[in-house]
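*Asks:* below are the sequence and a predicted model for it; my questions follow.
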Amino acid sequence: MSIAKRFARVIRTLLAPLTRPAVRAMPYAQFTFAALGRIAKASGNVRPAHIHHAQRLMFDLGFGADDRRRAIVWFEAGKKPEFDFAPLALDCRNTVGDRDVLNEMALESLCVIAWAEGPPNADCRRELERLARLLGIDTQELTAAETRVADYQRRQLPIGLRRAYQLLGVDHWVDDDQLKLAYRRLMSRHHPDKLGAAADARDAQHARENSVAIRDAYDLIRASRNAV
């Protein structure tokens, strides 16, 4: 089950109409969508991947038209520098029962949007750490959540792509320049022309096979990126 779906399952249950848990969960829903906006903005610009995550969360929560409008308002409000998260965070921290689960799900949802296009930049990381502290989440918990998110994203790659990145020795979020650098380093190391005069036919064949595998891996990754 995806991180967004796990978070949605808890929130959706607690937001059932006319229940006391609904009152408890509302601050978390508002805090989360506002925080998604803040983190997306801190990434530099709100990008399609950020919007997609917020929309996916609304869908998983089963939000109707009115709920979606409220979530969008929260998202937009959170982007503004003057938005004060402290009162909402206090309401979240005063939640009785289900708080640990809600904290975990909210944190992972924030990590998903922070890591939407790779490791967060300095501004995004500061916001992520600040928002986590407001919920009473320590650095160890945040690091664990980020690790889960990065591992989850890696597992979503097709097996061929995962192996291609592993072969080149880079993570899937590296930019094109880092990818090219890793490719060139490996090709330089394994190219048959690098073999000395004393190399036998077996060594030459092994070098050719390695070079072909490295080139195929690079081409596969480039093709997948160009298709996006």
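*Replies:* That came through, no problem.
*Asks:* for the protein, give me the ranges with low pLDDT.
*Replies:* Applying pLDDT under 70 to the chain flags the ranges 1-25, 192-199, 227-228.
*Asks:* need the longest helix for it.
*Replies:* Counting by DSSP state H, the longest helix found in the chain is helix 201-226.
*Asks:* may I ask which helix or strand encompasses the closest residue in space to Leu142 that isn't next to it in sequence?
*Replies:* In space, and not counting its chain neighbours, Leu142 is closest to Ala132: 4.8 Å by C-beta to C-beta, 6 or more residues apart in numbering. Bear in mind the C-beta positions are built from the backbone N, C-alpha and C, glycine included. Here Ala132 sits within helix 122-134, counting by DSSP states H and E.
*Asks:* contacts for that helix?
*Replies:* Residues outside helix 122-134 that contact it (C-beta atoms under 8 Å, 6 or more residues apart in numbering) are 35, 38-39, 42-44, 85-86, 89, 107, 110-111, 114, 120, 138-139, 141-142.
*Asks:* and the helices in this protein?
*Replies:* All helices of the chain, identified by DSSP H, fall at 3-14, 20-42, 48-60, 65-79, 86-93, 99-114, 122-134, 139-155, 159-168, 176-190, 201-226.
*Asks:* just send those helices back as a markdown table, with mean neighbour count too.
*Replies:* Shown next, in a markdown table, are the helices of the chain (neighbours: other C-beta atoms under 10 Å):
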| stretch | mean neighbour count |
| --- | --- |
| helix 3-14 | 19 |
| helix 20-42 | 22 |
| helix 48-60 | 17 |
| helix 65-79 | 16 |
| helix 86-93 | 16 |
| helix 99-114 | 23 |
| helix 122-134 | 17 |
| helix 139-155 | 15 |
| helix 159-168 | 16 |
| helix 176-190 | 14 |
| helix 201-226 | 14 |
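*Asks:* next one: stretch 74-93 to chain centre, how far?
*Replies:* Averaging C-alpha positions (C-alpha atoms, centre = their mean, to the nearest Å) puts stretch 74-93 21 Å from its chain's average.
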